[in-house]
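Peer 1: Dropping a prediction and its sequence here:
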Amino acid sequence: MTQSPPRNNWLERLYAVALRLYPPPFREAYAPSMRQTFRDALKDRTLSRRTLIPLVLRDLAISLAKEHLAMLRETFSRPALLCNALVLTGLATGLAFALYSIPQQVLRLGANDPQIAMADDLAARLEQGIAPAEAVPAGSIDLSHSLTPFLIAYDDQGRPLASQAQLNGKTPTPPSGVFANVRQHGEDRISWQPRRDVRIAAVIQRVNGPQPGFVLAGRNMREVESREALVGQLAGLTWIGMMAVILVGTAVFGWYTRPRTA
Amino acid sequence: MATGTAPAAPLSPAVFAILLSLAEGEKHGYLIMKDARAPQGGGVQLGPGTLYGSLDRMMRDGLVEESGISDDERRRYYRLTNLGQSVLAVELERLDAAVASARSLGLIPHGGRS
């Protein structure tokens, strides 16, 4: 039996240390054979060290990455694991959507509350024959800034008769289609955008009687929309948190239930 | 466990070189590496990691199988399966057709090494 030169022993020991970097199942299956192959290569006089060492270093870098990726693929691409993760992702997304949409609807519907009563009262007063200028309280609310609810009375053609509110120095008028719809159904509740940066929660009611027309009660939605945005952010953060929990949970579960053989 | 699913052509250089080396008979890791490195074996520089990674996947695909272990259990011997032989034959036919085509186009001199 021939003794290996000391340098070979040193290189082999170094290679044995590097073999510990392979994924455990692969290492358990092939490390002794790989070490023996490296030993054979060191003994082969037709293969110079200058060829072998760069070859083995390159091979280590490439095959380590390849085997770790293969292990990750085998660990995490199992159908049952992926299916569980997908179902949980679907449930979390549905839950986050509900967390946003339910409060958003409550906030939006709540934004109509004072206007419903105000429009009702004004319509009733106009139907009793009270003049619009008398029935609509005096005031000049700037729609672009004020959050105060306001009233506007329109004639049967949709022309303003009396108004508490102004936008750019004029009484704003909703699109004619809104009046046509109210004429047909008696009432409409809309989000009205008289200017790009102004959104109004508006309740429009039909006025019957000797002087038919319409009343509009509205309120700037700025505050409500900022609350809706906050709800959206909280729902978004909740969704990201749930995704992180699902990701970590899937990774941990996948790791502990991974296939143990190479 | 062998799945018996043959890899799609063309084979990777490592898989082709291993199949070609084992076509001669059963061999252990370093002999396969040495054959692969030789010009007639494909001239593929295989390191131990790539060699055993490829052998592992080829065993799963049913192309090769272990035929024995040395007394000290450090050398494993491998041989081709019937599926491995078929896959190698198909690949050689494909390469042969490509070489014939190159020769007819005058890219390889007639009578030259192919």
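Peer 2: That came in fine, so what should we check first? Numbers count the residues shown, from 1 in each chain, chains lettered A, B, ... in the order given.

Peer 1: where in chain B is pLDDT low?
Peer 2: Applying pLDDT under 70 to chain B picks out residues B:1-6, B:71-73, B:110-114.

Peer 1: can you give me the helices for it?
Peer 2: Taking DSSP state H as the test, the helices found in chain B are B:13-22, B:29-37, B:48-60, B:82-104.

Peer 1: can you list those in CSV and add mean neighbour count and distance to A:Arg35?
Peer 2: C-betas here are computed from N, CA, C, even on glycine. Shown next, in CSV, are the helices of chain B (neighbours: other Cβ atoms under 10 Å in any protein chain shown; distance: least, Cβ to Cβ, whole Å):
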stretch, mean neighbour count, distance to A:Arg35
helix B:13-22, 23, 19
helix B:29-37, 23, 10
helix B:48-60, 23, 8
helix B:82-104, 14, 26
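
Peer 1: okay if I get the ones you listed as JSON lines plus distance to chain A?
Peer 2: As requested, the helices of chain B are exported to JSON lines (distance: least, Cβ to the nearest Cβ, whole Å):
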{"stretch": "helix B:13-22", "distance to chain A": "10"}
{"stretch": "helix B:29-37", "distance to chain A": "4"}
{"stretch": "helix B:48-60", "distance to chain A": "3"}
{"stretch": "helix B:82-104", "distance to chain A": "19"}
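
Peer 1: Of all the ones you listed, which one comes closest to A:Asn181?
Peer 2: helix B:48-60 (68.0 Å; Cβ to Cβ).

Peer 1: Report the angle between the closest one and helix B:82-104.
Peer 2: Orientation check (axes from the mean of the first three to the mean of the last three Cα atoms, to 10 degrees): helix B:48-60 against helix B:82-104 gives 110 degrees.

Peer 1: Next, format the helices of chain B as JSON lines and append distance to A:Asp142.
Peer 2: Listed next are the helices of chain B as JSON lines, based on distance: least, Cβ to Cβ, whole Å:
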{"stretch": "helix B:13-22", "distance to A:Asp142": "77"}
{"stretch": "helix B:29-37", "distance to A:Asp142": "84"}
{"stretch": "helix B:48-60", "distance to A:Asp142": "74"}
{"stretch": "helix B:82-104", "distance to A:Asp142": "81"}
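
Peer 1: Just the buried positions in stretch A:166-181, please.
Peer 2: A:166, A:171-174, A:178-179 (16 or more other Cβ atoms under 10 Å in any protein chain shown).

Peer 1: if we can go back for a sec, out of the helices of chain B, which gets nearest to A:Ala131?
Peer 2: Closest to A:Ala131 of the helices of chain B, according to Cβ to Cβ: helix B:48-60, at 90.7 Å.

Peer 1: helices or strands next to the closest one in the packing?
Peer 2: If contacts are counted by 3 or more Cβ pairs under 8 Å, 6 or more residues apart in numbering or on different chains; DSSP states H and E, helix B:48-60 sits against helix A:24-43, helix A:49-76, helix B:13-22, helix B:29-37, strand B:64-69.

Peer 1: Off-centre distance for it?
Peer 2: 11 Å (Cα atoms, centre = their mean, to the nearest Å).

Peer 1: Setting the sequence-adjacent residues aside, check what's closest to A:Gln193.
Peer 2: Leaving aside its sequence neighbours, A:Gln193 sits nearest to A:Arg199 (Cβ to Cβ, 6 or more residues apart in numbering or on different chains; 5.1 Å).

Peer 1: How about A:Thr148?
Peer 2: A:Ile141 (5.3 Å).

Peer 1: can you pull the buried residues of stretch A:100-111?
Peer 2: Buried positions in stretch A:100-111, judged by neighbour count with 16+ other Cβ under 10 Å: A:100, A:103-104, A:107-108, A:111.

Peer 1: Give me the subset of the residues you listed that lies in helices.
Peer 2: Mapping those onto helices (DSSP H) picks out A:100, A:103-104, A:107-108.

Peer 1: filter those residues by proximity to chain B?
Peer 2: Filtering those for proximity to chain B by Cβ under 8 Å from any Cβ of the partner chain leaves nothing.

Peer 1: Tell me, what's the model's pLDDT at the residue nearest the centre of chain A?
Peer 2: Note on chain A: the residue nearest the mean C-alpha position is A:Gly236, at 4.7 Å, using Cα atoms, centre = their mean. With respect to pLDDT, A:Gly236 scores 96.

Peer 1: Does it touch A:Ala96 like I think?
Peer 2: Yes. In this structure A:Gly236 lies within contact range of A:Ala96 using Cβ atoms under 8 Å: 7.4 Å.

Peer 1: which parts of whichever helix or strand A:Trp192 is part of are buried?
Peer 2: Using DSSP states H and E, A:Trp192 sits in strand A:187-195. Neighbour-count burial for strand A:187-195, counted by 16+ other Cβ under 10 Å, picks out A:188-190, A:192, A:194.

Peer 1: follow-up on the earlier one: of the buried residues of stretch A:166-181, which are in range of chain B?
Peer 2: Okay, of the buried residues of stretch A:166-181, nothing touches chain B (Cβ under 8 Å from any Cβ).

Peer 1: just the residues you listed now: which is nearest B:Ala100?
Peer 2: Closest to B:Ala100, out of all of the buried residues of stretch A:166-181 and judged by Cβ to Cβ, is A:Val178, at 79.6 Å.

Peer 1: show me the contacts for the residue in chain B positioned nearest to chain A.
Peer 2: Of all residues in chain B, B:Gly47 sits closest to chain A, at 2.2 Å by Cβ to the nearest Cβ. Applying Cβ atoms under 8 Å, 6 or more residues apart in numbering or on different chains to B:Gly47 gives the contacts A:55-56, A:58-60, A:62-63, B:33.

Peer 1: Name the nearest residue to it, ignoring sequence neighbours.
Peer 2: A:Asp59 (2.2 Å).

Peer 1: what helix or strand does the residue nearest to the centre of chain A sit in?
Peer 2: With DSSP H and E as criterion, A:Gly236 is part of helix A:222-256.
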